[in-house]
Each structure stands twice: as C-alpha cells, then as structure tokens.
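Q: Build me a structure from this.
(2 chains)
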Amino acid sequence: MQHNKIQVVGVNHRQAPLAVRERVAFGPELLERAYQHHPSIRHQEGLAIVSTCNRTEIYVAGDCSLADILAWWEQTVGVARGEFADFCFWYQGTEAVSHLMRVAAGLDSMVLGESEILGQVKDAYQTAQHYQAVGALHRLFHDALRVGKRARSETDIGRNALSVGHAVVELSGKVFGSVQGRSALVIGAGATAQLVARHLAAQDLSELLIANRTRVRALGLVDELGATYVPLQDLVSAIGRADIIVSCTSAAQVLITKTMASEALRGHTHQLRFFFDLAVPRDIDPEVSRLSRNIFLYDIDDVTRVVDVNLQKRQREVSKVERIIQEEVAQFQEQMGASQVGSVIRSLRQKAETIRVQELEKAMHRLPNLSEEERLVVEETTRLILNKFLNDAMVSMRSWGQDEQKRSYVDAVRELFRLNDLSPDALASDKGMPVPGR
Amino acid sequence: MFLIVLTSCGYVSASVLAVAQLYDGRYRRWSYLGGGAGLVSETLWLIRQGAFEGFRAMMAVPDWVGVVVWGALMVSVWFVRAKKWVPMLAFVYSTVSVLWLLSQLLSHRALIVPAFISPLAVGVWSSASVSAVCFLLALVFGIMYLEKERELRHKRARLFYYQLPALGELDRWAGRFVGLGWLLYTPVWLALLFLTHGVSQALWCTRARQVGATLIWLVYGLAAMMRVLGRGDGHGMARGAMWAFLSVLLNAWGIDSICVGPPHAAL
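A: Residues are numbered from 1 along each chain as shown, chains lettered A, B, ... in the order given. Have a look, this model is predicted:
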C-alpha cells in the first residue's frame, strides 16, 4: 500500500453550508449501511468515515476512482451527487495524510484546537475496525491520533477557553485556583444560563444554586444538574453563600444592586468573590465591584475580550502544531516506504523459494539413485545459491525505503518479477500466517 | 571575589532572562543556566566562607543574606519542580539579585557580636535565617499576588493572567510563609531579650537592634494573627508581606548605618 494511494473526500464547515452537511452526514444507521456496502467501491483496500456535525470525511486506501467513491456515497445517503459534489474537497497522498492529522490536532475545527474532535477521530477509527473496513488505513489513523495527542501535550493549542461558559470556569480558576469545592449561583434559566450552569456543574462544586423568576422554567435545569432552586426573593442570602455569581437574565432593570450586594456580603468582604454579568442590559450594578477589593465583576464584554485574547494565543500555537504535523507526515512517508519495500522483499524471496522447491523436486525425480546424504547436499546447495544471489538485491532494496527518489524502483521490481501475481495462500504460508477466508 | 562576581552575574542574568521568558518561553533554558551558575557559585562561596573563616563569618550581614538568598532559591526550585510554577523564578531571581547586590555593596557590621557566639547564638542565627527565608518568600508571593490581581482587576488577560498561579493559591502560600516565619522568629526575639539581659541586666532596653527585632515580630505576628482569626484578605496579606519585609531590611542594614559606634552598640 502506497501512501499516495490514500485519499479523502468530504464536506466540512469551511466549504459546505449546514443544509448540505446534514444531508450527506452518516448517522449511526447510515454508518452501518455504509460499512456493509463498502466493498462495492472497486479496488479499495481500506475505508474509514469521520462524520461529525461539522464534517463528513471519507478516507479511502487503494486505487479507487473519485467517481466510484462519490457513487457509493450518493447511494448510501440517498442524495444525488450533483447536490453536494460542488461542496466537496478531495485530497490525495501526502495532502490526505496531512489533512487527517490537521483534523485530529483540531486545526481544521470550527473552534480552533477543540479537543472533542480527537475523540471523534478515534471513534471513527474504532467503528471502521468494528466493521473490518479500516484495512490499509490502520497506520494513518494511528499516527493521526498520535499527532492529536502531541499537539495538545506539546503546545497550548487546546488551552484557554473559547466559549463564554468555559471562560466563566477559567476566570474563576484564575482567582480561586480550583473551582472544585466552591459554591456557585446562576441567575436565569435561558440558553446562556444553561450553558454556564452545565460548565460549572462539571467542576464538582460543593453547591450549585439556580435562581429564576419562574420556578417551572428552572426546574428542568435543577433536576438535570442536581442543583438547588432559589427563588428570586431569596437572592440576597444566595449571593452571600456563593463564591461565583453568574447572572444572565433578560430583566430590563438591574437585578443585583449595590445595596443588595452589600447586605449579602456583610461581614464576608475579605473573601474572594467573582461576579459575572452576562446579561444585556446588565443585571449587576457595576458599583458592586467597589464594595471590596476582593470582589471581581466581569460583564459580557470583559468575558468576550478574554475569549478573544485566548483565541489569539491559540492562533500563535498553530505554527508549532504545523511543525509537529510536518514531522509526523515525513515519518509516515518513511514508514510506508519501508513497509512497501518489506512486502516486495517477502514476495520476491517467496517466489524464488517456490521456484527452487519445484525445480529441486523435478531434479530429484530424474536422479532416483542419490543417497539421503547426497540429496541433502544438493538441497543445501540450491538454498545457498539462492540466498547468495538474492542477498545483494535485498540489501539494496531495504535502502530504497529511506530514499524517496528510489521508491519507484520498488514498483519496477514488482513489475519485473510479476510479484502481483502471487496468490495470498503462497504469501501467507511463507509468513506462517493463517490464510484469509479459510 | 571571583565567586562573588560570578554569583552576581549569574543572579542578575537569571533575573533578566526569567523576565524575558515570561514573554518568550525560549529564554527559559538560559534563565535556568544563569540561575544555576549563580546558585553553584554562591554555594561554593558559602562553603569557602565556612571553611576558611568559620561560623563567625556567617554573623556578618553579607554572609547571612547570602544564606537567606540561597535558602529562598532552594525552596523556589522545589516550587518550580513540584508545582511547575516556572514564572515564579522571574520574581524570585529579581528579588534575590537586589538583596545579594545590596549585601555585597553596602558596608556592614556583625549581626551578633563575636564575643557572644555560643550554641544559643548559633541556634538563634539558624532560626533567624530560616524565618528570613520565609519572610522573603512571603514577599515574593505577595508581589505575585498584587501583579495577578492588578491584571484581573483591569480585565486584561496578559502575562500574569496566564502564567501566575491563582490568587487563592498565592494568598495561601504567602499566609503560610508569614505564619511559619513568625513562629520561627519568636524564639529569635525571645533569645534577643535573653542576650540583652546578659548585657544590661534588664529584659528590655531601647537599643536599636532590639527595637527592630520587636518591630519585625509584631508586624509579622499581626499578619499571622489576622490569618488565624479568619480576618484580613489576600490583598492585605500581600501588602503586609511587602511592608513587613522592609522591617527586616531595616534591621539588617538601616540600624547598622544609623547607630554609629562599637558593634555591640547596635545590639
């Protein structure tokens, strides 16, 4: 399998609108059907599908034509290829290898450096393995997953929050150290409040309070997160109990006045507290931050500014990740070259051995009077001749794996000795492996 | 002299490079090298002082500050290794460099009059040295707290926002060092009363050194008590650690400069 026979066809958030992406995506049922019918793609030697909300990418190994892959795709998802082909990208060889590595490293994600994609690539690989479809793509996915891990451990591409919910947790961490064991109050039950509450609930807080004007709207979130509901009338005591206070209601007037906060924090102003006002118009009186130097108050603009700086920091890490990818692509090429040479060497030796054994048998029939000892001498001599003859060729061929310019020689050897004609039975028996299909 | 110059160069270059590595991580290795060179040459210098001049040499301010600086650096190395707080080195090296250069450039008197050297004096000296290491580290944590707090208050995610530990963490360590330093300084202060009694037959005298030592004990004691009683905040502790360290500096150098006379006059 040559790396230049790896290709990827797909749509992603960069080229295709959601309306197209959702039609050609592979849901769980479609995925099963796709893998069951994947042998219908002619000459393919491996297939894996990465399908997430932002991308559907089909990785194929082997001498397959783009038309065959698209035909299989349109047949599986039931969408005419004319409706999505214009939004597709198609990479081959090194570009395809590099693309998967970029995807795994989060460089191709909508949220730069997000870590979820690494798990999705891993899932895609495991699903392909489950359906025994991964074939010659094994090493590519293995290497891409390693790139994803390296990118996150050796660079800061996955560090620093890029969403408001995550930024609330990160900023709180900058003040308190660990948010674990702290108490938080979320005021509101709308989309932003839910997002923030979920992020906070994942931090193993000692207490999560949710305050809302209407109890019914908050109860769903309270049940989901195991939080405690607080009516707005009890806001003062709830503020006094919480280390982190996040307000994101659609109230037209200020919800937490300076007087209210002063009353809530009386006698506890020496404790660190973080107020987040994510509402527009604002819910918290800006004067609250003047009550004590231990009170931090960030509004939505402040949090967004932090997120923007975080994004810039991640963008500065891109070049470091690109270097890791370059390094891994080069290593992948080298490994593929070496394994390609290895298979040709095995085939050549096996073919030569088959010929030797066959010709030796014929010779033995013509020489029936030879003693057992003489037979062994003749057999050993043929083996030595073969080994000496092949030795130089083997040494040279092994060096081709490291030399990019000489990799095409391997194809010439395969062609010259007709090594493609060898049956799998012969190859398997030579390696002492079970023969597939038996 | 060679070791002193080498130590000075090592510490100064390490502080410059440690600050530079806050902006660009590539300088980290160089700051380690500079700091390492300073630490090694200072260790050799301390060994040399001990070997050739004995314990009496350690009673002079330059040697004593050398020991304190060395101890603070060793504890900082532990922080860098155990907690991965590499940016802390920028603050430690800067503070240490200033102290080291001051101790080498200013004229000094002995901390303890050689005539009084006894097992008790050695114990006092050791306890005072360790407490000074604690006070120095409390100062460093206090400075870091105020810098981080400044960025968070001005809502600017810049250098310290990303690199320094959380405010709560910095406050905890500043408080711990103040408390530990004060505990270790208490026997020093009591011993000073005892030594004073030996000289003047009275527990209290208004000699400059004793007034200075009492000032240190009171200032740090107040800060430690505030923390134990659950009063006071991180900002107060950070500022307190900075101002209180001034009393340590005053006791080490100021009193010697102000109180002219025979060495024991300062006691």
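Q: Run a quick neighbour tally on B:C9.
A: 14 (other C-beta atoms under 10 Å in any protein chain shown). C-betas here are computed from N, CA, C, even on glycine.
Q: what sits against it?
A: B:C9 sits next to B:34, B:37-38 when contact means C-beta atoms under 8 Å, 6 or more residues apart in numbering or on different chains.
Q: Need phi/psi at it.
A: Phi and psi for B:C9, reported as degrees, to the nearest 10, are phi -60, psi -40.
Q: and if you look at B:V124?
A: Torsion angles, degrees, to the nearest 10, at B:V124: phi -60, psi -50.
Q: roughly how far out does the helix or strand containing A:K313 sit from the chain middle?
A: Assessed by DSSP states H and E, A:K313 sits inside helix A:300-366. Remark: helix A:300-366 is offset 17 Å from the chain centroid, using C-alpha atoms, centre = their mean, to the nearest Å.
Q: swap in stretch B:218-234?
A: Worked out by C-alpha atoms, centre = their mean, stretch B:218-234 lies 19 Å from the chain centre.
Q: Please report how far A:R213 lies from A:G173.
A: Computed as C-beta to C-beta, to the nearest Å, the A:R213 to A:G173 distance reads 30 Å.
Q: Also A:A133?
A: Separation of A:A133 from A:G173 (C-beta to C-beta): 42 Å.
Q: what does stretch A:54-66 contact?
A: Against stretch A:54-66 from outside (C-beta under 8 Å, 6+ apart): A:1, A:5-13, A:21, A:24-26, A:41-51, A:69, A:73, A:90, A:96, A:99-100, A:103, A:108-110, A:135-137, A:140-141.
Q: Could you tell me which residues of chain A lie near chain B?
A: A:160, A:171, A:173-178, A:269-272, A:292-294, A:296, A:298, A:302, A:305-306, A:309-310, A:313 (C-beta under 8 Å from any C-beta of the partner chain).
Q: Give me the below-cutoff pLDDT ranges for the chain.
A: Chain wasn't specified; assuming chain A. Residues of chain A meeting the criterion pLDDT under 70: A:1-4, A:401-404, A:407, A:420-438.
Q: my bad, the chain I had in mind was chain B
A: Low-confidence segments of chain B (pLDDT under 70): B:55-58, B:107-117, B:196-208, B:253-267.
Q: any chance you could map the helices in it?
A: In chain B, the helices defined using DSSP state H lie at B:2-23, B:28-53, B:61-83, B:88-105, B:119-153, B:159-163, B:167-200, B:208-228, B:234-249, B:255-258.
Q: so the second one versus helix B:2-23, what angle?
A: Direction vectors for helix B:28-53 and helix B:2-23, defined by axes from the mean of the first three to the mean of the last three C-alpha atoms, to 10 degrees, enclose an angle of 160 degrees.
Q: buried set for helix B:28-53?
A: Using 16 or more other C-beta atoms under 10 Å in any protein chain shown as the test for burial, helix B:28-53 gives B:28, B:30-32, B:34-35, B:37-39, B:41-43, B:45-46, B:49.
Q: Look up phi and psi at A:R282.
A: phi -70, psi 140.
Q: and A:Q126, what element?
A: helix A:116-130.
Q: What are the buried residues along that helix?
A: By 16+ other C-beta under 10 Å, the buried positions in helix A:116-130 come out as A:117-118, A:120-121, A:124-125, A:127-128.
Q: care to break chain A down by domain?
A: Per automatic domain parsing, the domain ranges recorded for chain A read A:3-159, A:164-304, A:335-431.
Q: Relative to chain A, which residue of the stretch 51-200 of chain B is the closest?
A: Going by C-beta to the nearest C-beta, chain A is nearest to B:A166 of the stretch 51-200 of chain B, at 3.8 Å.
Q: how near is that residue to A:L185?
A: 20 Å.
Q: same check, this time on A:A80
A: 53 Å.
Q: Of these two, which one has the most company?
A: Between A:A80 and A:L185, A:L185 has the larger neighbour count (other C-beta under 10 Å), namely 26 against 9.
Q: Please list the members of the residues of chain A next to chain B that lie in helices.
A: A:171, A:173-176, A:302, A:305-306, A:309-310, A:313.
Q: What residues does the stretch 51-200 of chain B have near chain A?
A: Checking the stretch 51-200 of chain B against chain A by C-beta under 8 Å from any C-beta, the hits are B:148-149, B:152-153, B:155, B:157-158, B:161-162, B:165-169.
Q: now with 7 Å?
A: Proximity of the stretch 51-200 of chain B to chain A (C-beta under 7 Å from any C-beta of the partner chain) is limited to residues B:152-153, B:155, B:157, B:161, B:166-169.
Q: Identify the farthest-apart pair in these.
A: Farthest pair in these (C-beta to C-beta) is B:K155 and B:E169. Separation: 20.4 Å.
Q: Looking at the two, which is more packed in?
A: Set side by side, B:K155 and B:E169 show more neighbours around B:E169, with 21 against 17, by other C-beta under 10 Å.
Q: tell me the contacts of that one?
A: Shown in contact with B:E169 (C-beta atoms under 7 Å, 6 or more residues apart in numbering or on different chains): A:G177.
Q: again, but for A:V230
A: Counted by C-beta under 7 Å, 6+ apart, A:V230 has contacts A:209-211, A:238.
Q: make it 6 Å
A: A:209, A:211, A:238 (C-beta atoms under 6 Å, 6 or more residues apart in numbering or on different chains).
Q: Report the separation between A:E353 and chain B.
A: Per C-beta to the nearest C-beta, to the nearest Å, A:E353 is found 55 Å from chain B.
Q: As TSV, the helices of chain B with distance to A:D86 would be great.
A: TSV is the format used below for the helices of chain B (distance: least, C-beta to C-beta, whole Å):
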stretch	distance to A:D86
helix B:2-23	46
helix B:28-53	49
helix B:61-83	54
helix B:88-105	54
helix B:119-153	49
helix B:159-163	43
helix B:167-200	53
helix B:208-228	68
helix B:234-249	59
helix B:255-258	84
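Q: need the domains of chain A in TSV with distance to B:L250, can you?
A: TSV is the format used below for the domains of chain A (distance: least, C-beta to C-beta, whole Å):
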stretch	distance to B:L250
domain A:3-159	43
domain A:164-304	27
domain A:335-431	68
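Q: Figure out which of those is closest to B:I216.
A: When these are compared (using C-beta to C-beta), the closest one is domain A:164-304, at 24.3 Å.
Q: To A:E380, which of the helices of chain B lies closest?
A: helix B:28-53 (60.6 Å).
Q: which strands and helices sit next to the helix holding A:Q126?
A: strand A:44-51, helix A:138-154 (3 or more C-beta pairs under 6 Å, 6 or more residues apart in numbering or on different chains; DSSP states H and E).
Q: contacts for the longest one?
A: Taking contacts as C-beta under 6 Å, 6+ apart, the residues outside helix A:138-154 that touch it are A:100-101, A:104-105, A:118, A:122, A:125, A:157-158, A:321, A:324-325, A:328, A:332.
Q: And it, how far out from the chain middle?
A: With C-alpha atoms, centre = their mean, you get 8 Å for helix A:138-154.
Q: angle of that helix against helix A:116-130?
A: 160 degrees.
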